[in-house]
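[1] Sequence below, structure please.
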Amino acid sequence: MKKLLATLSLICLFTVSSSAQTEFHWGFKGGINFTTYDSDADDVQARMGQWGVLARWNFNEHVALQTELFYARMGVRSLRKAIKWFPEDAYYTGEDNLNQKFRLQLLTDNVQLPILVKWYLPVNLFGGHGLNVHAGPLFSQRFDYKISTSSPQGFLLDPMLGGDGSVPKKGNTLRSFARAQNQFTVHALFGVGYDSPSGIGVDFRCQMGITPVWDDSKSGCYNSHSHDRVWALCFNYTF
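    Here you go, the predicted model:
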């Protein structure tokens, strides 16, 4: 992957140096994102935030290359039901507890690097041709996570998180649920936006996971074919 990033960087530098009319802009961005997983878990979604910096090379009034580097918090919040199988040392007070709902939450901290090509539409809006569509790959590296649950200490997760109805393994706990995620993932990003002549910009994006959420070698009974989707609304200011 390092070789791929180095190759993309060289292509960007060559493209920039080969265009005498290139305009360079840099700035800051921030916004909110909404994460979903295409798994069998119930109500898996979370609204989080992202912020960072961007650099944009406008080759002409129609095409630009934009790279960004930002922090993004993503995650899942879900309402689950406790299951019957539990460790021998788990605190258990009766059959009724098996029907109680509990909440689980997994929040991940990520550094993300999108490399985007922007096409500006021939539409004069607010005094400029800033209306654009953009697309490109996004590389995400997880560096930390936080987990919490309202379930009794030691209870395991619902086996339906695996999507196959199998009997849960002893390691199918909330912490193993977090550790089973792939730390490095690749996404395809698509979006629409507007860059005003004053430097203020806004965009709405869909980020679709190419790399599965779960590491197949660690997935246990989680759905190893699950992918995440991120919808983001961001604002930026460029100089």
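[2] Tell me where the model's unsure across the protein.
    1-20, 39-46, 78-103, 150-175, 177, 216-224 (pLDDT under 70).
[3] where do the strands sit along it?
    According to DSSP state E, the chain carries its strands in the segments 23-37, 45-58, 63-81, 101-120, 131-149, 184-195, 200-209, 228-238.
[4] Dump these into JSON lines; add mean neighbour count and distance to Ser176 as well.
    Every C-beta, even on glycine, is put in place using the N, C-alpha and C of the backbone. Formatted as JSON lines, these follow (neighbours: other CB atoms under 10 Å; distance: least, CB to CB, whole Å):
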{"stretch": "strand 23-37", "mean neighbour count": "16", "distance to Ser176": "17"}
{"stretch": "strand 45-58", "mean neighbour count": "17", "distance to Ser176": "20"}
{"stretch": "strand 63-81", "mean neighbour count": "19", "distance to Ser176": "15"}
{"stretch": "strand 101-120", "mean neighbour count": "18", "distance to Ser176": "11"}
{"stretch": "strand 131-149", "mean neighbour count": "16", "distance to Ser176": "10"}
{"stretch": "strand 184-195", "mean neighbour count": "18", "distance to Ser176": "19"}
{"stretch": "strand 200-209", "mean neighbour count": "18", "distance to Ser176": "21"}
{"stretch": "strand 228-238", "mean neighbour count": "18", "distance to Ser176": "18"}
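[5] and Asp215, which of the ones you listed is closest to it?
    Closest of the strands of the chain to Asp215 is strand 184-195, at 10.1 Å (criterion: CB to CB).
[6] Name every strand pairing with that closest one and say which way it goes.
    strand 131-149 (antiparallel), strand 200-209 (antiparallel) (DSSP bridges).
[7] quick one on the thing from earlier: kindly reformat the strands of the chain as JSON lines containing distance to Ala178.
    Converted to JSON lines, the strands of the chain look like this (distance: least, CB to CB, whole Å):
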{"stretch": "strand 23-37", "distance to Ala178": "13"}
{"stretch": "strand 45-58", "distance to Ala178": "14"}
{"stretch": "strand 63-81", "distance to Ala178": "10"}
{"stretch": "strand 101-120", "distance to Ala178": "5"}
{"stretch": "strand 131-149", "distance to Ala178": "5"}
{"stretch": "strand 184-195", "distance to Ala178": "14"}
{"stretch": "strand 200-209", "distance to Ala178": "17"}
{"stretch": "strand 228-238", "distance to Ala178": "14"}
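[8] re earlier: distance to Ala232 for the strands paired with strand 184-195 - can I get that in JSON lines?
    Listed next are the strands paired with strand 184-195 as JSON lines, based on distance: least, CB to CB, whole Å:
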{"stretch": "strand 131-149", "distance to Ala232": "10"}
{"stretch": "strand 200-209", "distance to Ala232": "5"}
